[in-house]
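Asks: coords below, sequence missing:
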């Protein structure tokens, strides 16, 4: 039986995967996750996801490893995780009435066979025209300073968002779970 790992320190991603794969484990990677501002966001999302898997020193044999990374892109610019509430406020004010794109790259490698699969999900998020008071109220409800985009769709995010366009409801949370389930089944890993 193969062991399933995800190359991430993100509790959000691990929690989503554990909904389906109870025995999945986190594994440390050595990727620096640096974005090249001159590259296409789809390319960057999959490049970083791939580097996470390939940077693991001595990957366990008889395992399948998943690398996942999400980048947010607005107005031809990469958006960073806010890191603090002031940055979160400024970022969400920029998004007012606008569309932000989230690209989630996934790279899967079977360490035994060497087989790989990769994918990039695109999710469009359209924000409401929010007042500064509404943004401040949202931030008071939810600390999302460690999330791409500075909000969480799975809890209070809908208060400031008018529409989400995606083929996978989990992708915006950081894992295109529908695709992952299909691919892992091809690798012989059914939940």
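Replies: Received the coordinates, thanks. As the structure is a prediction and not an experimental result, all values here were calculated from the model.
Asks: elements contacting the longest helix seen in the chain?
Replies: Longest among the helix segments of the chain by residue count, using DSSP state H, is helix 41-54. Packing contacts for helix 41-54, counted by 3 or more Cβ pairs under 8 Å, 6 or more residues apart in numbering; DSSP states H and E, involve strand 63-74, strand 99-110, strand 116-127. Glycine gets a C-beta too; all of them are placed from N, C-alpha and C.
Asks: what's the angle from that helix to strand 63-74?
Replies: With axes from the mean of the first three to the mean of the last three Cα atoms, to 10 degrees applied, the angle from helix 41-54 to strand 63-74 works out at 150 degrees.
Asks: Quick check: end-to-end length of stretch 17-29?
Replies: 18 Å (Cα to Cα, to the nearest Å).
Asks: which residues are in contact with that stretch?
Replies: With contact meaning Cβ atoms under 8 Å, 6 or more residues apart in numbering, stretch 17-29 is reached by 3-9, 14, 51-53, 55-56, 59-60, 65-67, 175, 177, 180-181, 184, 189, 191.
Asks: Now which of those would you call buried?
Replies: 3-8, 14, 51-53, 55-56, 59, 65-67, 175, 177, 180, 184, 189 (16 or more other Cβ atoms under 10 Å).
Asks: if we can go back for a sec, sitting in strands, which of the contacts of stretch 17-29 do you find?
Replies: 3-7, 65-67 (DSSP state E).
Asks: Include pLDDT and distance to residue 73 when you put the residues you listed into TSV, please.
Replies: Formatted as TSV, the ones in strands among the contacts of stretch 17-29 follow (pLDDT from 0 to 100; distance: Cβ to Cβ, whole Å):
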residue	pLDDT	distance to residue 73
3	93	34
4	95	30
5	96	28
6	97	23
7	96	22
65	97	26
66	98	22
67	97	19
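Asks: ok, those residues vs residue 144, which is closest?
Replies: The nearest member of the ones in strands among the contacts of stretch 17-29 to residue 144, counting by Cβ to Cβ, is residue 6 at 21.3 Å.
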